[in-house]
Structures are given as structure tokens and as C-alpha cells.
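In: okay, predicted coordinates and the sequence, questions at the end:
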Amino acid sequence: MADLVNLTVDGVPVAMPKGTVIVDAAKKINNDIPVFCYHPKLKPVGMCRMCLVEIGTPKVDPATKQVVMGDDGKAVIAWIPKLQTACTTPISEGMAVRTTTPQVKEARSDVLEFLLTSHPLDCPICDKGGECPLQNLTLRYGPGVSRFDYADKARNDKHVPLGDLIYLDRERCIQCARCIRFEEELADDPVLQFYDRGRGMEIITQSDPGFDSYFSGNTTDICPVGALTSADFRFKARPWELSSTQSVCNHCAVGCNITLNTRLDTRTGVDEIKRVMPRQNEQVNEIWMCDKGRFVHHFTRAHDRLQQPMIRKDGKLQEATWEQAILAIADKLKGGNVHGVIGDRIANEDAFLFGRLMKLVNASVSLSPQKPAAYADLVRTYGVGASTDLKQLGKGDVIVVVNADVEEQAPVWFLRLKAAVTDRGATLIIANSKGTKLHRYAHAIGRYDAGEAAKWVIENLTTEKYAQLKDARNLLCVFGDEQLDGAGARALAQHLANVLIETGHAGKANSGLLACYPHANTQGVFDLAVDQQPAASNQQPSVAWLVGVGDAKDAPTAGFKIVQDLFLTDVAKDADVVLPALSFAEREGSYTSGDRRVQRFYRAIPAIGNAKPDWWVFQEVAKKVSGGNETFWSVSQIFDLIATEVPQYAGLSFSLISQPPGEQWPPMGREDLYYGGTVYDNTGGLGVRYAAGAEREGFVATATPVTAPVINAEAAAELLRVLYQDGELIRRSSVLASHIVGGTTFIPLAAK
């Protein structure tokens, strides 16, 4: 444990680690020192002066160099004559802090009065109204009147676009530089800067295109005023009008904890998501999220969502009832040669019941996309330890990143890995066929041609060449499968697992494999539907059931096709039965993230049309096929069965994974928005990471010899996976149209 320093704040004793600043020490005992420029995730700068306090230290006798003791037996405090900034002053042993003296109160009032001389009094039309730190702190600490003439306020053009996602209201900006510092310090995107000096100083973008960062939305969260607003939410609703539902992002393997803010749309008469906000989980995403997770939610209310089952009649898909669709499917499954394909965005409960149904009809099951199924068992066995926390990685630890562009494929992992290297001193080794942003911080770099990732690690990643692998306190191996076929991806993962075994890191906390899986529940779908199923035969199936399949190449040729999805995709257009599914926002369930953390998400908006949850469909078809009557009334019942039948999930339950956390540090509560921003508290649970196989009692880790596979030219030539890759969900985002890579233009949400 770090050395603790003892001090008092307004007479209340507190002990905090050496290096803690006064603001955070006071926060520990719920003494809220107001701030604007300070943020606990950023380096202190002392710009706004809102945190001025009185500070004293024990008086030292110059002759004896000993602390002078008073008649009461306590150290005599020598008070500094002038107020000091609590956000930049580290605590020291015996320090005393006063936060409520007349001098402090006057300083706070003066700072607020000064800030308001330039700030427009447009609270009734400001998007920050209702969750504005400046508004709240003015009411609590500010003067009742202003000596400044309202006519002398600055007048600037309103709502200047810093980019196509973020707008700036220059009149509201208080020059706290939180946005600039976030982009420079955490995202390493130095795209914002101050321009001009004095009263005319303003924020400008220095990139082309403007505000070029995958993390731009976070600046609107930490902005303490309404200066920065998003194109997605501005003028859409007031915070007090919104209902808030805790959820989990469904786009990549990180599993960011989010909050869905919803409200009835008066034009359409239905509830819809108005904005997506982060919720605090210091073990997963801290308080951050990427712009894809923030802005790709419009698909949940897209006009072209499937809303009714359809059956092909007379060569055309025609609407049908659920009873008709279920009977048609059950009839085809009986005695047919069936193959199931399931996508990796599907919830755990859906995947589990789909796997059970496929077993019932002796069907094989494959994953879409296919490659992760080749190595997901290795990640399950040699993945990061159950108690792993990326915030603990630092000096003495080694991070190996092979064949993964982490910022593109798992953006928040990029933030956390970067911090481990730049802030805490971890060693970074990178190998890739191209440059990535993580290369900026690498201590060693390996290069290879496209498709040769497995060959490179087998030939080069050895303890002889990288001696620090064996000596590392912890060893984290991050990898991806792009430009590899299944055999290549397997070989890459197996060799990295061998390195972990040979260096003694297999099964250790803060060590192990970390796969940049394509989507939110790749591991969960593999665990619960694909693994232990019979392999697909070379024989063409007579029936193919495709659930959430995003890529047409994953759809086998079959005499009868069933497609279950949100939209009438190209795959669905060729189907014999099409079933409408629910989006993640319209139902409950759980995902297993890329680091095997099982997390729960909750229902935020009503179902659209007559769409049903996937698990309900599998349950009803199973009844018709078997003649049984097994019925689940909730996903929690299904999860209980998962915990009973799937060894990795033993001991888990919905109540366990959704337990509200104890205190998280730093505390980012909604009650004091000035401190951490508009991030939401976590009441939906931190989730639970199930143990890797190598951690389990009795497991013997044995390296498996692996040879470099033959390079698959077709796989090597495939497009690299990027954050804004074209797909059915992103192309329905109203604000990311110009960012989509390699595909279709934005599909308007309004009815055609």
C-alpha cells in the first residue's frame, strides 16, 4: 500500500496516499471543494482558482528543527497568509486545511462573479441546464448580484462546429481547458487548443477534418458549462425529462458501461434513445467511451426495422403471425439436416437457448464472423486472470500487442493500455503489418507482411530475444485476427499462450491473453452456443438458421433458410422465413466481454412492432419440435440454467453480476457534477469476470508446439478492421454518415 499522509480538513482527520492533492483528500471525507478546471482523471493546472482554501502546516522551531507543540499537545499550525489552490497542492504530514472561512467564501464569490462577466445568462436555452456545474456552484457560492453591465458582455457567433460531431458556444466557455487536456493527456489527440489571449481567447480545432478524435464526445461530459455540445443531443431534451437505464455497449469487446437516456418523442409517439452516456466502472471503462458507442444508437428506432414475421409465399416474403412462422420452422427442423449460424452480438441467454435447440435437432453450429471460433477456447483458458485490472499495470510489466490496432478495434482498451505505458511505466512491445497509434509509445517494434502475424511471433517472440518477458512482473498479450484465416489466428493465439506458459505467467492476475474480438459478445456466444456443438459437415444442409448474421459469406447454401435479425439484410432477402428481433435497448440480457467479464444490460425502451427477443423464439420452436412445455419467463431464469450447465459460468447469477459496487475512486456521482462531469453512477453492477481455465484448481499448463501456417492469400488481402467499418448499425447513425469506411451511405430514419 502507498505511504499514507495524515492531515485534517476543517478539523476532520483524513489519511491519503502521498502525492494526493487537497481536493481529492477532502473528497474522501465528503468535503466538496468546488472546482472547474480540475478533474481527477487529468493533471492539475490551477487555472480557474475556484478551489482556493486556507492551508497551514506544522510550525517548526528553526533552532531545534522540531515541530512546535501547543498546550493541548497538538502541533501548532503556521497558516500561509494567502489562499492556495487545493487542486495543485499535494498533501503533507500534519497539514491543516480550512475550506469555509470568510476569506475562502469571499474568494469563491469573486471567482464566480468574474466568470459570469463573460458568461451569457442563457440558462433557459442551454443544453447543460439541469446538469451544469457553473449554474449549481453559482447558486451555492456565488454573489446574488453582479457589478458588471450586461450590455458589456461578449457577443460571438453561436454554435461553431469544432467538427461534425461537437459544437462550441464560445460565449459560454470559461477556459478551463478540460477538453484540451483530455485530448492531449488521455486520448493523445492534440486536436484542440486555445487561440488568442485575454478576453478573446477561444477553443479552436487544429485538425483536418475538425476535431479528429474517436473520443470527442467525452469532452462534452467533462465540460463544466454548456460550451461543448454534441450534434446528436443538442436541443433534443432536458436532463430532467430523461429516463435513465443502465446498459452495456454492444459494439466491441471492451464492454463499456453506459447509460441510455430515453424520452417519448412527440413526433412519433414512441420512446427513443436521446443520448448514450458513460457510467462509471473503474475496472472496465473508468468513465470514458468512444464515439461509436456514443453515437451509433439510432438503429434502435430506424424506420426499416423488421416488425413482423414473414414467410415466403408465391416467391415473395409476406407478413405472417408468430404462430405461423414458428410452426413453419418447427416442421422444417424435424428430420432435416440443420446448420445454425449465430452472430456475436447476440446476448448470452439467446446463444444458450439457440445451442440447446440445435442440439435437440442434431444440428451443427458456427459463429459469424467465423475466425474467433478458431481461438476463443484459448482465450477462455489462457485469458487474463479473473482479478485483472488494467489500471494496475505499470513499471515492471510487459504488454505485447500483435496484429491488433487497438484504438480501431477496442478504443477504450487503447486508452487504458496507453496510460499503463505513459503514466505508470509499463514496457510495450508491438508487432504489426502497419503502423498504429500505439506505436508512438512502443519500446520495441516488429514488422511483417500482411498475413504473416503468426509466422512472426513463432520466429521472433521468444524469451531469448525479449528477455524482459520472463522477468516481467505481469505479461499481457493483446492480439487480433485480421488478415489471418482460422488456422493463422489459432497459431497466433497458441504461440502467445505458449509464451505465457513458458514464462510462468499463465493463470496469473494481470497477465494473459486479451483478444480484440469483433463484437460485444464473441466470447459469450462461443461459450454458450458454438463450443461443444458438432462440427459442420461438408454436406450441404437442408435447413440453415441464421441469427444476427452480418456477413453474407457466413450464410451456407440451404434448401430452406431462416433469418432472425433487426433488418431485412441481403441475407434476409433470400430467406424463406424472416423473424424480427429486438435490439439490446428493448430487452434484458447479458454479454461476456473480451476479457470474460459477464455484465448485465437492462431494458430501456419498449419493443418495436411485434418483434420478440431471440430467446423467446428458440423456446417456442423447441416446444413445437419436442412436444415439451419448458417455459422461461425471464432471462434471469435462463442465466440460472447457464450457471448450472456451463462450467465456466458456475456460481454466477443475475443478482451477482448486477450488484451495485461499493465506493469507486475517484467517486463520480451525479450530485457533484463539477468534480467528474455528467457521467452516471453505477447502480447496475460491475459484472463478474469468470476464471480462466489456467487459474482453476488442478489445471496443468502445458505448451502446445505450433508451426507457422501457410499464408492464406485471400485472408491477407482482406480489408483491415476499423472502428467506423460499414455495417447495418452504423449506417443508420444520423451523425456518423461521413465517417463510415468502405460502404453504404447513411439510411435516413424518417419514413420513406
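Out: Alright, I've got the coordinates. Residues are numbered from 1 along each chain as shown.
In: in space, what's closest to Val688 - neighbours in sequence excluded?
Out: Distances taken as CB to CB, 6 or more residues apart in numbering put Ile657 closest to Val688, at 5.0 Å, once the chain neighbours are dropped. C-betas here are computed from N, CA, C, even on glycine.
In: pLDDT score for the one you found?
Out: What the model reports for Ile657 is a pLDDT of 97.
In: pretty sure it sits against Ser590.
Out: Yes. Taking contacts as CB atoms under 8 Å, Ile657 lies within contact range of Ser590: 6.6 Å.
In: overlap in contacts, those two.
Out: Common contact partners of Ile657 and Ser590 (CB atoms under 8 Å, 6 or more residues apart in numbering): Val598, Gln599, Arg600.
In: of those - the most surrounded one?
Out: Neighbour counts for the shared contacts of Ile657 and Ser590 (other CB atoms under 10 Å) peak at Gln599, which has 30 neighbours.
In: so where does that residue fall, helix or strand?
Out: Counting by DSSP states H and E, the element that carries Gln599 is strand 597-601.
In: which neighbouring elements make contact with the helix or strand following that strand?
Out: Per DSSP H and E, strand 597-601 leads on to helix 614-626 as the next helix or strand towards the C-terminus. Where contact means 3 or more CB pairs under 8 Å, 6 or more residues apart in numbering; DSSP states H and E, helix 614-626 is packed against helix 322-333, helix 348-360.
In: and the helix or strand following the first one, what does it pack onto?
Out: Moving toward the C-terminus from helix 322-333, the first helix or strand encountered (DSSP H and E) is strand 338-343. Counting by 3+ CB pairs under 8 Å, 6+ apart, the packing neighbours recorded for strand 338-343 are helix 348-360, strand 364-368, strand 543-547.
In: show me which residues of the helix or strand hosting Gln318 are buried.
Out: Secondary structure assigned from DSSP H and E places Gln318 in strand 316-319. Of the residues in strand 316-319, those with enough neighbours to count as buried (16 or more other CB atoms under 10 Å) are Leu317.
In: I'd like the mean pLDDT over that strand, please.
Out: In the prediction, strand 316-319 has an average pLDDT of 97.
In: quick one: the helices in the stretch 201-350 of the chain?
Out: With DSSP state H, counting those that start in this stretch as the criterion, the stretch 201-350 of the chain has helices at 217-222, 291-295, 322-333, 348-360.
In: what about Ile657 and Ser590, which has more around it?
Out: Summary of the neighbour comparison: Ile657 and Ser590, criterion other CB under 10 Å, with Ser590 having more neighbours (25 against 19).
In: helix, strand, or coil at the more buried one?
Out: At Ser590 the chain is in strand, as set by DSSP: H, G, I helix; E, B strand; the rest coil.
In: what sits against it?
Out: When contacts are counted by CB under 8 Å, 6+ apart, Ser590 is found next to Ala347, Asn348, Glu349, Gly524, Val598, Gln599, Arg600, Phe601, Val635, Phe639, Phe654, Ile657.
In: Ala716 is in contact with Gln483, isn't it?
Out: Yes. Under the criterion of CB under 8 Å, Ala716 makes contact with Gln483 at 5.0 Å.
In: of these two, who's got more company?
Out: More neighbours surround Gln483 than the other of Ala716 and Gln483, with 25 against 18 (other CB under 10 Å).
In: how close does that one get to Lys455?
Out: Counting by CB to CB, to the nearest Å, the separation of Gln483 from Lys455 is 12 Å.
In: ok so, going back, among the helices and strands packed on strand 338-343, which is the most enclosed?
Out: Mean neighbour counts were compared across the helices and strands packed on strand 338-343 using mean count of other CB atoms under 10 Å; the top stretch is strand 543-547, at a mean of 26.
In: other residues contacting it?
Out: The set of residues external to strand 543-547 that reach it, using CB under 8 Å, 6+ apart, is 329, 332-333, 336-343, 346, 350, 354, 358, 363, 368, 554-565, 571, 575, 581, 614.
In: got the angle for that strand vs strand 338-343?
Out: 10 degrees (axes from the mean of the first three to the mean of the last three CA atoms, to 10 degrees).
In: that older thread, what strands flank the strand holding Gln599, and is each parallel or antiparallel?
Out: According to DSSP bridges, strand 597-601 has the following sheet partners: strand 589-592 (antiparallel), strand 688-689 (antiparallel).
In: and it with helix 348-360, angle?
Out: When the same axes, to 10 degrees is applied, the directions of strand 597-601 and helix 348-360 differ by 110 degrees.
In: may I have strand 597-601 exported as CSV, CA atoms only?
Out: Taking Å, rounded to 0.1, in the frame of the first residue of the first chain, the C-alpha atoms of strand 597-601 are listed here in CSV:
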residue,chain,number,x,y,z
ARG,A,597,-16.4,-10.2,-17.8
VAL,A,598,-20.1,-11.1,-17.6
GLN,A,599,-22.2,-8.0,-17.5
ARG,A,600,-25.9,-7.3,-17.4
PHE,A,601,-27.8,-4.8,-19.6
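In: any weak-confidence spans in this protein?
Out: Across the chain, residues meeting the criterion (pLDDT under 70) sit at 1-2, 532, 535-536, 743-752.
In: quick one: contacts for the nearest residue to Leu492 once chain neighbours are set aside?
Out: In this structure, Leu492 finds its nearest non-sequential neighbour in Ala454, 4.2 Å apart by CB to CB, 6+ apart. Contact criterion CB under 8 Å, 6+ apart gives Leu484, Gly488, Ala489, Ala491, Leu492, His495, Val706, Ala708, Pro709 as the residues in contact with Ala454.
In: do Leu484 as well
Out: Counting by CB under 8 Å, 6+ apart, Leu484 has contacts Lys371, Asn403, Gly451, Ala453, Ala454, Leu492, Asn712, Ala715, Ala716.
In: any idea how far apart the tips of stretch 87-102 sit?
Out: 20 Å (CA to CA, to the nearest Å).
In: can you give me how far it is from the chain middle?
Out: Taking the mean of its C-alpha atoms, stretch 87-102 sits 36 Å from the chain's own mean (CA atoms, centre = their mean, to the nearest Å).
In: can you show me the strands along the stretch 201-350 of the chain?
Out: Residue ranges of the strands in the stretch 201-350 of the chain, as given by DSSP state E, counting those that start in this stretch, are 202-205, 228-230, 243-248, 257-265, 270-278, 310-313, 316-319, 338-343.
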